[in-house]
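Visitor: Compute the structure for the input listed below.
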Amino acid sequence: MKKKIKVLIVDDHTLVRDGVRALLALASDIEVVGEAANGREALEKVNELEPDVVLMDLAMPIMGGIEATRRIRKDFPRTKVLALTQYDDSEYIVPVISAGARGFITKMAAFSELAQAIQAVYAGESYLSPSAAAALVEECQQRTPGDGEKDVYDQLTNREREVLKLVVEGRTAREIAEMLVVSPKTVEWYKTSLMSKLSIHNKMDLVRFAIRKGIIAL
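Guide: Predicted coordinates:
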């Protein structure tokens with residue numbers, strides 16, 4: 001009997017997890033072995049269940065998908081991560097791929113594409129949904145020849161720079177969300193993304209970076 005691909009679903013929305021589980025039940029070669037509502041819980045489940053593939057949402061409370069992906073790659077290298085998110089912009093794709101994800105697919109994908117993506121990353125291949133691939137191509141084509149030598153700050157989007165400035169000024173996620181007319185969860189995503197791009201992992205280092213760049217003054 002052919003071995004089934006063991007999958008862990010990680011998303012902070014119960015309805016999303018239930019929907020994905022129901023879809024994957026239709027695949028004869030895929031078995032959902034567990035669920036997790038955030039990155040920290042995902043790490044515990046990976047250790048306990050040893051899944052072959054983790055379907056990883058990005059913006060989640062407690063621990064986001066990028067940090068969870070980075071830790072899975074380090075501590076559980078045999079487990080593959082496939083990012084499954086509603087976003088398909090390059091500013092979301094690059095950080096999670098850099099963190100170790102083997103693929104990226106949006107929640108708008110058809111069941112057949114989701115199954116194909118899981119099968120691909122399980123086999124050691126990479127997978128990008130068409131919209132994600134198009135976003136990366138567009139970003140690469142917009143770069144100038146000297147981009148590789150630019151300051152790391154230039155990697156941030158305008159919105160990430162806004163969030164960076166407000167964070168180091170001491171604003172809370174809720175305050176920033178109200179100012180930018182987005183959800184607190186979206187603010188946390190931007191914060192996680194910009195810190196990943198800057199290779200900064202705590203607020204104190206983020207403040208030091210902002211001071212060096214002249215974003216805030218002493």
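
Visitor: tell me how far stretch 61-81 is from the chain's mean position?
Guide: Remark: stretch 61-81 is offset 10 Å from the chain centroid, using CA atoms, centre = their mean, to the nearest Å.

Visitor: If you count neighbours, what's buried in it?
Guide: 63-73, 76, 79-81 (16 or more other CB atoms under 10 Å). Any C-beta I mention is one placed from the backbone N, CA and C, and that applies to glycine too.

Visitor: for the most centrally placed residue in the chain, what are its contacts?
Guide: Nearest to the geometric centre of the chain sits residue 58, at 3.7 Å (CA atoms, centre = their mean). Going by CB atoms under 8 Å, 6 or more residues apart in numbering, residue 58 touches 64-66, 83, 85, 87, 92, 96, 189, 192.

Visitor: Leaving out the residues flanking it, which one is nearest to residue 198?
Guide: Nearest residue to residue 198 in three dimensions, chain neighbours excluded: residue 152, at 5.8 Å (CB to CB, 6 or more residues apart in numbering).

Visitor: Residue 178: which of the buried residues of stretch 61-81 is nearest?
Guide: Of all the buried residues of stretch 61-81, residue 178 sits closest to residue 64, with 20.9 Å by CB to CB.

Visitor: doesn't residue 189 make contact with that closest one?
Guide: Yes. Using CB atoms under 8 Å, residue 64 is in contact with residue 189, at 7.0 Å.

Visitor: Would you point out the helix or strand in the protein whose mean pLDDT is lowest?
Guide: Ranked by mean pLDDT, DSSP states H and E, the helix or strand of the chain with the weakest confidence is helix 130-142, at a mean of 69.

Visitor: Just the buried residues of the helix or strand following that one, please?
Guide: The helix or strand immediately downstream of helix 130-142 is helix 158-168, counting by DSSP states H and E. Neighbour counts over helix 158-168 (16+ other CB under 10 Å) mark 159-164, 166-168 as buried.

Visitor: Summarise which helices and strands helix 158-168 is packed against.
Guide: Judged by 3 or more CB pairs under 8 Å, 6 or more residues apart in numbering; DSSP states H and E, the packing partners of helix 158-168 are helix 173-180, helix 184-198, helix 203-213.

Visitor: Please parse the chain into its domains.
Guide: 5-137, 148-211 (automatic domain parsing).

Visitor: Which one of these has the poorest average confidence?
Guide: Among these, domain 148-211 carries the lowest mean pLDDT, a mean of 84.

Visitor: Now do the SS call for the closest residue to residue 27 other than its chain neighbours.
Guide: Among residues not flanking residue 27 along the chain, residue 115 sits closest, at 4.9 Å (CB to CB, 6+ apart). Assigned by DSSP: H, G, I helix; E, B strand; the rest coil, the conformation of residue 115 is helix.

Visitor: No further questions, thank you.
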